[in-house]
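Peer 1: coordinates only, sequence not included:
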C-alpha cells in the first residue's frame, strides 16, 4: 500500500487532530463555555453588522492617472478601501474558542487572537464601524478587545 500524500496537512506533518484550511493544528474546543462563547460572538457580530450598515462612509471620486482611460473618473460610494480587525488576548476561553472554530487566528507577528472583518467589501469606514461595535460588546462582557483599521 502506497503512502497517500493527500492525507497530510499542508504543513507536511500529521497533526493527529483537527486542522485549519492551511494544515495548522487547531486547539481543542474548551470543555466549558462553548455555548456562552458562541452566543457572545453572535451578539457581537449582530452589533457589528448593525453598525456597519448604519455607517455613512464619505464617498470619493477616483481619477485614472495613466493608461488609455486617463482622466476617467469613478464614483466610489463606500469611501476609501481598507480593512479592520479586532484583537483579543490570546489566553482565555473565548480566545481558545475563536481559534478552535476558526473565527479568529493567531498572527505570528502580533500578540493576541485576531478577528478579521470580512463583511462590507472594501469599505474601511464600514469595516471600522463593525469592529468598534463588535469590540464594544466583547468589552461589556468582560473580554478585553481592541480594534485596528488601515487604508489599502
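Peer 2: It's in. This structure is a prediction, so every number in the text was calculated from the model and none was measured.

Peer 1: where exactly do the helices run in the protein?
Peer 2: All helices of the chain, identified by DSSP state H, fall at 34-54, 93-100, 124-140.

Peer 1: so which of these is nearest residue 22?
Peer 2: Smallest distance to residue 22 across the helices of the chain (Cβ to Cβ): 12.8 Å, for helix 93-100. All C-beta atoms are positioned from the backbone trio N, CA, C, and that covers glycine.

Peer 1: packing partners for the closest one?
Peer 2: For helix 93-100, the packing partners by 3 or more Cβ pairs under 8 Å, 6 or more residues apart in numbering; DSSP states H and E come out as helix 34-54, strand 82-88, strand 105-106, strand 113-116.

Peer 1: hang on, the earlier thing: export the helices of the chain to CSV and tack on mean pLDDT, mean neighbour count and distance to residue 151?
Peer 2: Listed next are the helices of the chain as CSV, based on pLDDT from 0 to 100; neighbours: other Cβ atoms under 10 Å; distance: least, Cβ to Cβ, whole Å:
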stretch, mean pLDDT, mean neighbour count, distance to residue 151
helix 34-54, 94, 16, 17
helix 93-100, 91, 21, 26
helix 124-140, 97, 22, 6
